[in-house]
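Peer 1: The sequence isn't on hand, but the structure is:
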């Protein structure tokens, strides 16, 4: 098995109201699936901090560089654009500039 070369890694932490956990997870799964479908996505790990209710972390590894990511993330219908759209709609006060 060939291991992909990672050119860019993105680490994210979001904190949501714990009462919205189930809704967040439901919508996040869709965004996750879109990102994982991108051929350049080598991995996408997600975790929840059970000691900090509402805190989610994820790490994405991409085989393309930062410039590619920033260009593609602006271009629907890419999975990355979908994830950014999801986040800006789901997180109070979030916008694409605060996420990227």
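Peer 2: Perfect, I can see it now. Note that the structure is predicted; figures quoted are calculated from it, not measured.

Peer 1: okay, CA-based contacts and neighbour counts for the rest of this
Peer 2: OK.

Peer 1: tell me which helix or strand of the protein sits lowest on mean pLDDT?
Peer 2: For the chain, counting by mean pLDDT, DSSP states H and E, helix 96-99 ranks last in confidence among helices and strands (a mean of 46).

Peer 1: Pull out the buried positions in the longest helix along the chain.
Peer 2: Scanning the chain for the longest helix, with DSSP state H as the assignment, gives helix 21-37. Buried positions in helix 21-37, judged by neighbour count with 16 or more other Cα atoms under 10 Å: 24, 28, 31-32, 34-36.

Peer 1: which residues of this structure fall in helices?
Peer 2: 21-37, 66-72, 79-90, 96-99.

Peer 1: What separation is there between residue 41 and residue 73?
Peer 2: If you measure residue 41 against residue 73 using Cα to Cα, to the nearest Å, the figure is 12 Å.

Peer 1: what do you get for residue 10?
Peer 2: From residue 10 over to residue 73 the distance is 12 Å, taken as Cα to Cα.

Peer 1: Which one's more surrounded, the two?
Peer 2: Neighbour comparison, residue 10 and residue 73: the larger count goes to residue 73, with 20 against 13 (by other Cα atoms under 10 Å).

Peer 1: low-scoring stretches of this protein, by residue?
Peer 2: 1, 74-100 (pLDDT under 70).
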